[in-house]
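**Student:** please find the sequence and the predicted model below.
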Amino acid sequence: MLRIVIFLLATCCFSLTWASEKVVLAVSLDPPQDNNAKIIEPTIQALKNTFGKDNLEILRLPLPALEECLESGKADLFLSTSGLSRRMTQKGAKELTTMVSDRLPDPNKAYGTLFITRADSPIRTVEDMRNKSVAINLKGGFYGHQIGLGELADRGHDPHHFFGRTEFVGRDLRNVVWAVISGKTDIGLLSTCFLEDTYPKGDKVWQQIKPIGLKPESAVCMSSTKLYPNWSFSSMPGASPEVAKKAILALLTMPRVPGGYSWSIGTDSTRSDELFKSLQLGPFSFLNEWFSQELWNHYSSWIALVLLL
């Protein structure tokens, strides 16, 4: 009888400990596809139902603050672009689920980047964009920046010195469109599907811009690049395996949002990894340091000896 009482007390204490455990969820404030944002609140509600509304702390952060939050270990779970999730693998991030919808049912190939210019511009090809000015919403944004640079690298260009001038115009992608139409910049980089979701057919914007370097891969939205995984829901090392498990179950079983927006499992991050390798970012950022001053100071005598031999 004493053993039973001890067991019940231990179980009760464990339950109380679990009930009081705080789970911190960081949510990106910079979703470039407005339609995808429909899944954010239902996702938060599903997690509140699982962990308890008083045990779930929500941090809504713009991209720079979100990265800082994750790098400092202040969040257990986070909802972001798949690119940020892959970049954070160097900090221990683990992608748990990937978004799908009726329009984009493949979680592995959903979004890319679209290059645009003015309709009357002589720029017609990607190569024509060299040394031109470009408008980008956020530095380090996956769909609106890094994928575009990756396409330039795939074509054999130096993506970091390809454009003559870069203007970062803020999180609203409409600022990119306006920068091109107004002549502030020659080129604009947009997340695919942004134009289709923002400007109805017949809107004058469609007569004022033209796409560059369209690829046939996407039959849904115009894209100048390959397509990459959809949004991700991920965990950080601070999250316990039990928290991650409960989060996965909650997301995979939550009701579908109108439009078929729901969570699935992504199975292929090859393109993202190849992109970051070519840009020397995220898990491949060490490549940037290969010939850094620090390494030169450390190994200069060996390098000199090899050259002498």
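**Tutor:** In hand now; what should we look at?
**Student:** ends of stretch 211-225, what's the gap?
**Tutor:** 12 Å (C-alpha to C-alpha, to the nearest Å).
**Student:** same question for stretch 198-217.
**Tutor:** OK, stretch 198-217 end separation, C-alpha to C-alpha: 21 Å.
**Student:** which residue ranges form the helices in the stretch 201-309 of the chain?
**Tutor:** With helices called from DSSP state H, counting those that start in this stretch, the stretch 201-309 of the chain shows them at 205-208, 241-253, 270-279, 293-308.
**Student:** rank those helices by pLDDT, which is bottom?
**Tutor:** Mean pLDDT is lowest for helix 293-308 among the helices of the stretch 201-309 of the chain, at a mean of 60.
**Student:** so where's the protein uncertain?
**Tutor:** By pLDDT under 70, the weakly predicted segments of the chain are 1-20, 30-34, 218, 282-304, 307-309.
**Student:** now the spatially most central residue of it, nearest residue through space, not along the chain?
**Tutor:** Among the residues of the chain, the one closest to the centroid is T81, at 2.5 Å (C-alpha atoms, centre = their mean). Spatial nearest neighbour of T81, chain neighbours left out: F142 (4.1 Å); criterion: C-beta to C-beta, 6 or more residues apart in numbering. Bear in mind the C-beta positions are built from the backbone N, C-alpha and C, glycine included.
**Student:** my read: that neighbour touches G83, true?
**Tutor:** Yes - under the contact definition of C-beta atoms under 8 Å, F142 touches G83, with a separation of 2.7 Å.
**Student:** between those two, which contacts overlap?
**Tutor:** Counting by C-beta atoms under 8 Å, 6 or more residues apart in numbering, the shared contacts of F142 and G83 are Y228.
**Student:** for my notes, confirm D197 occurs in a helix.
**Tutor:** Yes - under DSSP: H, G, I helix; E, B strand; the rest coil, D197 sits within a helix.
**Student:** touching, the residue nearest to the centre of the chain and S232? I think so.
**Tutor:** Yes - T81 is within contact range of S232, at 7.1 Å (criterion: C-beta under 8 Å).
**Student:** picking that back up, need the contact list for the residue nearest to T81.
**Tutor:** Taking C-beta under 8 Å, 6+ apart as the test, what F142 contacts is 81-84, 228.
**Student:** neighbours around R174, how many?
**Tutor:** 15 (other C-beta atoms under 10 Å).
**Student:** I am finished for the moment; much appreciated.
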